[in-house]
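# Next input, structure requested:
(2 chains)
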There are 2 protein chains.
Amino acid sequence: MLTVEEARERVLAGFTPLEAEEAPLTEALGRVLAEDALAQESSPPFANSAMDGYALRSADTQGASAQAPVRLRLVGEVPAGSVYAGVAQPGEAIRILTGAPLPDGADAALQQELTEVADGWVTIRQPVAAGTNIRHVGEDVRPGMLLARAGAELGPAEIALLASLGVSPVHVRRRPRVAILATGDELAPLGQPLRPGQIYNSNTPYLIAAVTRAGAEPVALGIAPDRAEELRAMLTQAQGYDLILTSGGVSVGDYDLVKQILSEQGAVEFWRVRMRPGKPLAFGFLGQTPLLGLPGNPVSAAVTFELFGRPAIRRMLGAAQVERPVVTVTLEGAEQRRTDRRQFVRVRLASRAGQLVARTTGAQDSHLISSLQGATALLIVPEGEGVIRSGETAQALLLNDALPWADEW
Amino acid sequence: MLTVEEARERVLAGFTPLEAEEAPLTEALGRVLAEDALAQESSPPFANSAMDGYALRSADTQGASAQAPVRLRLVGEVPAGSVYAGVAQPGEAIRILTGAPLPDGADAALQQELTEVADGWVTIRQPVAAGTNIRHVGEDVRPGMLLARAGAELGPAEIALLASLGVSPVHVRRRPRVAILATGDELAPLGQPLRPGQIYNSNTPYLIAAVTRAGAEPVALGIAPDRAEELRAMLTQAQGYDLILTSGGVSVGDYDLVKQILSEQGAVEFWRVRMRPGKPLAFGFLGQTPLLGLPGNPVSAAVTFELFGRPAIRRMLGAAQVERPVVTVTLEGAEQRRTDRRQFVRVRLASRAGQLVARTTGAQDSHLISSLQGATALLIVPEGEGVIRSGETAQALLLNDALPWADEW
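Below you'll find the predicted structure:
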């Protein structure tokens, strides 16, 4: 039996980042950058006022006080989006609005609340230091600054930053197209009444959602029956995708045809991985197309997708981080017994007085989908002997990217 | 000046959940349920085998041992998806595959590895308890069980659970259509070179992304110039959306036309909210259409969207939780000085030995978009005096929903 690490390493070795393509920045939410985004310009691109007020030469205001105010001649106005045509001369003030470029010659802006204006003169009753209320060129971003690294996923904040520098389109990795095929005569599609002996196919709906969340494009190919010719035809149709995900049919049963057909047709290996849930797993190539054969049990399919399928997709996306973060948590509730297989226990995390605590979501048998719901992490119960007791710490694999890895900032 | 709570309460009072609509379950990722989803059926819908092996009557195996094995007559087979036509009689065994319905009369399934089969007989060398390797009817879900509450957002796990019960289509809230209008003569759209005095409009790209992530449909209406007629026309065009988001033009400047036009046309209030960033804010109705006027500074726009805009959208979606979770964190790094305004400091959270720690992302001026990037939470520095020092705890508003509220499981 392979360890989880061995299996994951072999899977990841089968994938490289897909080609880059251009996307308009406003349509790039969730996409992964194919190259470092460097600033070409400064932001702000010009010195500008942080306030509505009066641009002036600070030297003019030295010695100004309530007793001995300074009067500056109001010679013009510069609204945001405009440029003052002249140069501020000694003794002059220019009306300036927030965000408007600081006129040449001026070096400060005094907010309007601190001035009086009458008959074309601005009265100043205090000295104004150079730079007051000025946002300097490049204060936010300087040319050459790294805005976002290759491999970064674009969220709203990254998009705002790139937009402020006018970076559009962006170079992102093509989204992998992932074919999803469920197998098994017992499976009925949604929207069709169950015949006796049938259950609904929940793996395809799950994988459509999980593949989408991973950043790829799912294409559901339906349900393959336990008949070799039909399964063969459906797998042939699936070639040309960036990844084929099957569920079911990879165990040792008489009807585990996925295993049988792949053995005939592709360079596919069948593994037993030292983990629970999810022991049986297939991985290899059908022609040029990588295929990951997940177990049929819904929870096993979900956990193996998370541990092997999602990293494969993230590798194709060129994501900096292909795996989810692992964090330290304190177990609360029933003790967890270690076994010879690594266990991934569905837990819900919470923060209690700043401490991350984990509780299981219920019974953990691999056909119990109800305990998948609400899980925000998988508690890792390492191989070995003994138990993890309530109040003890353990590692947990997050099912989201909300926290970075423990020692990464 | 209003407190953040007062402003948020007034905003939320302006919204109610939108109408429900049907969506196929496989297209419902991220949608919010409009009503409780209750199980109509059991899952599993029938008792079935957890293993490939032999269905039998446990009573037949009492007293079986290596020395005195029991031999059962192999009378048939039941693959997954089929139903055994007869009834298991005393002394009989039926070949059964994982997931296949347990034949009537049988009450256990013995895995094939523990049996020997030859010449139509199955040899059993140990007693088998009733229920062995049987997944019982309703073990995962019973009829009437709450699968997901009204207000729940459908993720992959919820979709898997609903799919396993055949629940499709689902009743979800219509996605709010949100019009986004940036204002200001200084703004240039992406893809156009900057003229002197111009900066790029980053608020619209930010809001498109953030509105999408909040579960709504953004519609960008472009940039309104600082001319009253054009702004009036664009706002008229925006009526009919579920929400209008503007950025800029709500302060006290001469060119703050949004404020001026709304005052003429709508029941719109202008507030100064006791917070930093984001002091100026407008809220009200333009005809029947709610309008939230965000400040123009990119960081102020982002933070006020998060504090007021996103909750409004979540209220329209009928989400159980309209606000983001607040958790306790330990500050690491520069101390944070309290002022008369509540401050929302961009921080990055990490888990260190199970403890949530927060570091600021850099300088916090409201035009510095670079420090928005990488922020996973907003540290809340309450109004008042004194400082929060490195190593002290504080509250932080998560910018994602990865953790539940502190005392909620």
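# outside of the lowest-mean-pLDDT helix or strand in chain A, which residues touch it?
Sorting the helices and strands of chain A by mean pLDDT, DSSP states H and E puts helix A:257-265 at the bottom, at a mean of 81. When contacts are defined by Cβ atoms under 8 Å, 6 or more residues apart in numbering or on different chains, helix A:257-265 is touched by residues A:183, A:224, A:226-228, A:231-232, A:235, A:246, A:248-251, A:268, A:270, A:282, A:284, A:286, A:291, A:293. From N, CA and C alone the C-beta is placed, and that goes for glycine too.
# Could I get the contacting residues of the residue in the stretch 151-300 of chain A that chain B sits nearest to?
Chain B sits closest to A:Asp185 of the stretch 151-300 of chain A, with a gap of 3.2 Å, by Cβ to the nearest Cβ. The neighbours of A:Asp185, taking Cβ under 8 Å, 6+ apart as the test, are A:Pro225, A:Asp226, A:Tyr255, B:Pro79, B:Ala80, B:Gly81, B:Ser82.
# A:Leu307 is in contact with A:Glu9, isn't it?
No - counting by Cβ atoms under 8 Å, A:Leu307 does not reach A:Glu9; the two are 12.0 Å apart.
# Looking at those two, which one has more neighbours?
A count of neighbours by other Cβ atoms under 10 Å in any protein chain shown puts A:Leu307 above the other of A:Leu307 and A:Glu9, at 22 against 11.
# May I have the secondary structure class of the more buried one?
Assigned state for A:Leu307: helix (three-state reduction, DSSP: H, G, I helix; E, B strand; the rest coil).
# Spit out the contact partners of it.
A:Val4, A:Arg8, A:Met275, A:Gly278, A:Phe344, A:Leu397.
# Which of the residues you listed fall within helices?
Taking DSSP state H as the definition of helices, those contribute A:Val4, A:Arg8.
# Also near chain B: which of the contacts of helix A:257-265, exactly?
Restricting the contacts of helix A:257-265 to those touching chain B (Cβ under 8 Å from any Cβ of the partner chain) yields A:Asp226, A:Ser251.
# Can you tell me which of the contacts of helix A:257-265 are buried?
Among those, those classed as buried by 16 or more other Cβ atoms under 10 Å in any protein chain shown are A:183, A:224, A:226, A:231-232, A:235, A:246, A:248-251, A:268, A:270, A:282, A:284, A:286, A:291, A:293.
# Could you tell me which of these belong to strands?
For the buried ones among the contacts of helix A:257-265, membership in strands holds for A:Thr183, A:Ala224, A:Thr246, A:Val268, A:Phe270, A:Ala282, A:Gly284, A:Leu286, A:Leu291, A:Gly293, with DSSP state E as the criterion.
# Ignoring the adjacent residues along the chain, who's closest to the last one?
To tie it back to what came earlier, the one meant is A:Gly293. Taking Cβ to Cβ, 6 or more residues apart in numbering or on different chains as the measure, A:Gly293 lies nearest to A:Ala282, with 3.0 Å between them; neighbours along the chain are not counted.
# about what we covered before: just name the lowest-scoring one in the ones in strands among the buried ones among the contacts of helix A:257-265, pLDDT-wise.
For these, the least confident position by pLDDT is A:Phe270, scoring 80.
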